[in-house]
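In: Please find the sequence and the predicted model below.
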Amino acid sequence: MSEIRATGPDALTLATELLQRARRADPLAGVWEAADVQWWWRRARASDEIEQLFWTDDEGPVAGILLTTWGEDTWQCDPLVVRAVGPSLDAVWARALEEIDAHASGRVVEVLVREDDADLIGLAETSGFVAGPGGGTLWMDLADRPDVKPPAAGFTLVDRGVRADTPHPMHQRNGDAVEERLGQVTLYDPELDLAIEAPDGSMAAYSLYWFDPVTKVGLVEPVRVEDEYHRRGLATAMLTAGIDRLAAKGAERVKVGFSSPVARDLYQGIGFRLTSTDKTYVRPGSAS
């Protein structure tokens with residue numbers, strides 16, 4: 001087993017391969033898919049320039065420590081291990097603390113931990129991290145997917161394949177470079193980048209679906225309905241259409257995370273099953 005470091009797109013490639021390997025090793029383990037780290041690439045971050053640490057064997061990456069910046073003062077740390085073949089979690093966590101001290105000293109640092117991961121919870125708590133807000137993960141077998149529900153009358157479902165000449169629906173929250181950045185990652189598919197237009201042509205809702213051909217897993221991230229269009233069934237229309245498109249691409253299962261009861265109920269209402277819950281463990285910054 002060897003240690004290597006990589007930055008930018010090279011680090012993203014290694015993280016993608018690592019999470020794909022972890023998913024192939026266990027159908028439900030962990031909290032992230034390869035598509036999650038590709039979604040994080042949607043905007044430039046200070047952490048793009050960090051030399052991220054990975055462990056590899058003859059087949060590729062088996063562990064890694066991902067540091068991701070979410071704003072000026074908040075960092076996310078993800079210690080990732082294919083636990084059947086990688087280094088021990090204790091060893092990876094010890095190195096993660098070193099990486100935090102090297103790159104995020106004095107900053108707020110967050111680690112998302114499943115509530116059934118007693119080992120990582122213990123390591124986080126003994127290192128000064130405190131449990132914060134919670135959420136969870138839901139899965140659906142695509143053989144059991146719901147029928148596609150059309151949007152309400154006057155609303156139109158579109159994808160980036162037919163609306164590529166208009167501003168990307170996510171640009172206001174993610175910057176003008178969001179479409180360019182999404183186009184740089186391997187799992188992005190414009191046909192799975194959906195939006196719903198209101199009768200006046202304005203953007204009422206958007207969502208993005210990711211198909212991973214290596215794991216046959218689909219991921220839903222993100223889903224957004226603008227405030228003035230709530231309670232019109234638009235989220236259900238997008239979700240059922242997006243999930244159906246994932247099945248057509250070859251996905252066998254689809255995953256979605258939630259951070260609020262409203263989102264959880266929406267997903268369970270169309271057939272997702274809750275499989276795990278999680279909490280964000282937080283180490284306050286020196287200014288807190």
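Out: That came through fine.
In: Identify each buried residue in the helix or strand containing residue 53, please.
Out: Mapping residue 53 onto the secondary structure by DSSP states H and E places it in strand 52-57. Neighbour-count burial for strand 52-57, with 16 or more other Cβ atoms under 10 Å as criterion, is recorded at 52-56. Every residue, glycine included, has its C-beta placed from N, CA and C.
In: following that strand, which helix or strand comes up?
Out: Note on strand 52-57: by DSSP H and E, the next helix or strand toward the C-terminus is strand 60-69.
In: So which other helices or strands are in contact with that following strand?
Out: In terms of contacts (3 or more Cβ pairs under 8 Å, 6 or more residues apart in numbering; DSSP states H and E), strand 60-69 is packed against helix 8-25, strand 52-57, strand 74-81, helix 89-103.
In: Would you map the helices across the stretch 151-288 of the chain?
Out: For the stretch 151-288 of the chain, helices defined by DSSP state H, counting those that start in this stretch occupy the ranges 171-174, 178-182, 234-249, 261-269.
In: TSV please, covering these and showing mean pLDDT and distance to residue 31.
Out: Conversion of the helices of the stretch 151-288 of the chain to TSV gives the following (pLDDT from 0 to 100; distance: least, Cβ to Cβ, whole Å):
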stretch	mean pLDDT	distance to residue 31
helix 171-174	94	22
helix 178-182	97	22
helix 234-249	98	20
helix 261-269	97	15
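In: can I assume residue 83 sits in a helix?
Out: No: if the criterion is DSSP: H, G, I helix; E, B strand; the rest coil, then residue 83 is coil and not within a helix.
In: The closest residue to it other than its chain neighbours and residue 46, how far apart?
Out: When the adjacent residues along the chain are set aside, residue 83 lies closest to residue 89, with 6.9 Å between them (Cβ to Cβ, 6 or more residues apart in numbering). Summarising the geometry, the distance separating residue 89 from residue 46, computed by Cβ to Cβ, to the nearest Å, is 27 Å.
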